[in-house]
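Engineer: This is a predicted model, with the sequence first.
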Amino acid sequence: MGREKLICPVCGKPFYKGQGVIIDFSGRVLIFHSKNCAIKFIRSFITYVDPSEVRKATNETLKEFSERLEALKKIREKKLT
Ligand SMILES: [Zn+2]
């Protein structure tokens, strides 16, 4: 079984399947060769999405991470006491 080669959709660099950053855009899975290329893509992607949707999604995402940080904090506090 040969290793499948992929082309980064942002910079055009070839890389092997299994490497890179995978992002699922509502069923359309894109694989970027590096985190930098994934960030570049997402920065551009955001400009094509309805601004009110972007604001809503930003708030939801911030909420998700803030809840995660809160949970981590609680675990750490439990360990200390
Ligand atoms: Zn790339």
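Structural biologist: Cool, the structure landed.
Engineer: so how many other residues sit close to R55?
Structural biologist: 10 (other C-beta atoms under 10 Å). (Glycine included, C-beta is placed from N, CA and C.)
Engineer: Which helix or strand contains it?
Structural biologist: helix 51-80 (DSSP states H and E).
Engineer: Find the residue at the geometric middle of this structure.
Structural biologist: Centroid check for the chain by C-alpha atoms, centre = their mean gives I23 as the closest residue, at 5.7 Å.
Engineer: Before we go further, it is sitting in a helix, right?
Structural biologist: No. Using DSSP: H, G, I helix; E, B strand; the rest coil, the assignment for I23 is strand, not a helix.
Engineer: Excluding chain neighbours, what is closest to it?
Structural biologist: Spatially, and ignoring its direct neighbours in sequence, I23 is nearest to L30 (5.5 Å; C-beta to C-beta, 6 or more residues apart in numbering).
Engineer: hmm, who's touching whichever strand or helix holds that neighbour?
Structural biologist: Element membership of L30, judged by DSSP H and E, is strand 28-32. Residues outside strand 28-32 that contact it (C-beta atoms under 8 Å, 6 or more residues apart in numbering) are L6, C8, P9, V10, K17, G20, V21, I22, I23, A38, F41.
Engineer: Sheet partners, orientation included, of that strand?
Structural biologist: Strand 28-32 pairs in its sheet with strand 21-25 (antiparallel), by DSSP bridges.
Engineer: Of all the residues in the strand it pairs with, which ones are buried?
Structural biologist: For strand 21-25, the neighbour count (16 or more other C-beta atoms under 10 Å) marks V21 as buried.
Engineer: Kindly report the same for stretch 39-53.
Structural biologist: Under the neighbour-count criterion of 16+ other C-beta under 10 Å, stretch 39-53 has F41 buried.
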